[in-house]
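> Next comes the sequence, and after it the predicted model I'd like to discuss.
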Amino acid sequence: ADSGDPGALRERALDTLVRARARTTLLTSCVEGPDLTGQVSPLMSPLVWDLAHIGNQEEQWLLRAVGGQEAIRPEIDSLYDAFEHPRAERPRLPLLSPAEARGYAADVRGRALDVLEGAAFHGTRLTEAGFAFGMIAQHEQQHDETMLITHQLRKGPQALTAPDPEPVPWFTGPAEVLVPGGPFTMGTSTEPWALDNERPAHRREVAPFFLDTTPVTNGAYRAFMDDGGYDDPRWWTREGWEHIRRHSITAPLFWRRDGGQWLRRRFGVTEVVPADEPVLHVCWYEADAYARWAGRRLPTEAEWEKAARHDPAGDRTARYPWGDADPGPEHANLGQRHLRPAPAGSYPAGESPLGVRQLIGDVWEWTSSDFAPYPGFKAFPYKEYSEVFFGPEYKVLRGGSFAVDAVACRGTFRNWDYPIRRQIFSGFRTARSAEAA
Ligand code: AVJ
Ligand code: FE
């Protein structure tokens, strides 16, 4: 974790901002022309919108709020305000061109690094431990993940490459792990760059339950499909059933049947669906239906976090399943190092004290929980990050995916989306309550 040493904080902030910008640059320079300015789906922004929005958020928080500077181009704020313009209408706005957007983001970054140079890391909540710099690096990385989703949706030849994760032997450990009941500490009041919805730390009672050791694999999901899972209303909620019928959904997004096998399109390349990989691109309704078919259920958000952070030996709650160390390549598949999840059972060094694997990285995991504030929640620094989304229409996802950078991934980190969404890098694992003996 961070020391309070300003030199170390400055270096960490700089390193994190530089890493984010390298990824943004990669994602916005491997395609050109209409692939930057056009729209692949009404669900997504043109890549050039994300790029200038990243710069605009950085300008608002690091230059204006922290640095006390005047707006560079106040007239563009509204173009890049996510609430003023829904994604579907963004390609028709008078957006900055790719060259202008690059120039603007680079200009803002240059000035932001000057602000960082002279920043104090205490005094206000925004600057305490470099919070604003961490928040802006997380914001950029979140948009980098969004842009990677846009790349996955894009038709056309491959533009991105990355090495595959290490192959591992088929996982033969126990299918599930018993998480003992009792209270644990959920959320955080001490993680310096944790966002508002992760706060404050509070005690949560969780009844004993069993949790899958690994995320549900494509092979396991195929068994549900082959058993007629998509044709049997018993497994689906009413809304889920109506949704898959209306949209003729019969397989995860990007899958296509080819004779006896299933193929999927992955960043411009078609491949046979690998049986041992965590299932990806399923919506909450599909995850929930699979779990019911399997005689199980999705874990609650509190169950997920307890499995990821709580060590029953000593009643300790850690930052990550493996302890308090920042994520390294041995712990988890994060940061777009690979363009796919690693096989189920990978990363033994990242397992929890109870032996649960791949809670962090690989695939976002749907939970059964609605997105709601913790007791004592306070919106900070703006209501539009979390507060306006609280309510039953959003489901919580946990743990991050291969497309999430370590700066935006913690045992406490909360993501949310509509239960119909599946262009995101979403998978799941299942749970069951432990019966009282
Ligand atoms: C937390 C991923 C739901 O992408 O809508 C980006 C993150 N907030 N800019 C989103 C976010 C403002 C947010 N999610
Ligand atoms: Fe944003």
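Done, it's in. Ligands and ions are numbered 1, 2, ... in the order given.
> Just to be sure, residue 271 is in a strand?
Yes: read with DSSP: H, G, I helix; E, B strand; the rest coil, residue 271 is one of the residues of a strand.
> show me what contacts it?
Residues in contact with residue 271, defined by Cβ atoms under 8 Å, 6 or more residues apart in numbering, are 263-264. Where C-beta positions appear, they are placed from N, C-alpha and C, glycine not excepted.
> roughly how far apart are it and residue 255?
Between residue 271 and residue 255 the computed distance is 11 Å (Cβ to Cβ, to the nearest Å).
> Check residue 224 too.
The spacing between residue 224 and residue 255, counted by Cβ to Cβ, is 13 Å.
> same check, this time on residue 178
Shown here: residue 178 relative to residue 255, a distance of 33 Å by Cβ to Cβ.
> More neighbours: these two, which one.
More crowded of residue 178 and residue 255, by other Cβ atoms under 10 Å: residue 255, with 21 against 12.
> Just to check, the more buried one is in contact with residue 262?
Yes: under the contact definition of Cβ atoms under 8 Å, residue 255 touches residue 262, with a separation of 5.3 Å.
> list the residues that contact both of those two?
Common neighbours of residue 255 and residue 262, counting by Cβ under 8 Å, 6+ apart, are residue 273.
> So out of everything in this protein, what residue is nearest ligand 1?
When scored by Cβ to the nearest ligand atom, the chain has residue 142 as its residue closest to ligand 1, at 4.3 Å.
> Please list all residues in contact with that residue.
By Cβ under 8 Å, 6+ apart, the contact set of residue 142 is residue 408.
> mean confidence score for the helix or strand containing it?
Secondary-structure assignment from DSSP states H and E places residue 142 in helix 131-153. The average pLDDT within helix 131-153 is 98.
> continuing past it, what's the next helix or strand?
Later in the chain than helix 131-153, the nearest helix or strand by DSSP H and E is strand 176-179.
> What is that next one packed up against?
With contacts defined as 3 or more Cβ pairs under 8 Å, 6 or more residues apart in numbering; DSSP states H and E, the secondary structure elements packing on strand 176-179 are strand 209-212, helix 301-309.
> wait, residue 57 sits on residue 135?
No: the pair formed by residue 57 and residue 135 falls short of the contact definition of Cβ under 8 Å, at 9.1 Å.
> The two: which has the busier surroundings?
residue 135 (24 against 19).
> Any idea how many residues pack against the residue nearest to residue 293 when sequence neighbours are not counted?
For residue 293, the nearest residue in space outside its immediate sequence neighbours is residue 235; the separation is 4.5 Å by Cβ to Cβ, 6 or more residues apart in numbering. Residues contacting residue 235 under the criterion other Cβ under 10 Å number 22.
> For residue 235, grab phi and psi.
Backbone torsions of residue 235, given as degrees, to the nearest 10, read phi -90, psi -10.
> likewise the one 10 residues further on?
Comment: the main-chain dihedrals of residue 245 come out as phi -70, psi -50, following degrees, to the nearest 10.
> what kind of secondary structure is residue 75 in?
At residue 75 the chain is in helix, as set by three-state DSSP.
> What is the least confident helix or strand in the chain by mean pLDDT packed up against?
Of all the helices and strands that make up the chain, the one with the lowest confidence by mean pLDDT, DSSP states H and E is strand 316-317; it has a mean of 93. Contact partners of strand 316-317 among helices and strands, from 3+ Cβ pairs under 8 Å, 6+ apart: strand 182-186, strand 310-311.
> related to what we said a few turns ago, quick one: contacts for the residue nearest to residue 293?
Residues in contact with residue 235, defined by Cβ under 8 Å, 6+ apart, are 229, 289-290, 292-293.
> Could you tell me the model confidence score at it?
In the predicted model, residue 235 carries a pLDDT score of 99.
> Need the overlap of contacts for residue 271 and residue 255.
With contacts defined as Cβ under 8 Å, 6+ apart, the residues shared by residue 271 and residue 255 are 263-264.
> Need the max-distance pair from the contacts of residue 235.
The two members of the contacts of residue 235 with the most space between them (Cβ to Cβ) are 229 and 292, at 9.4 Å.
> between the helix or strand residue 18 falls within and helix 131-153, how big is the angle?
Secondary structure assigned from DSSP H and E places residue 18 in helix 6-29. Relative orientation of helix 6-29 versus helix 131-153 (axes from the mean of the first three to the mean of the last three Cα atoms, to 10 degrees): 20 degrees.
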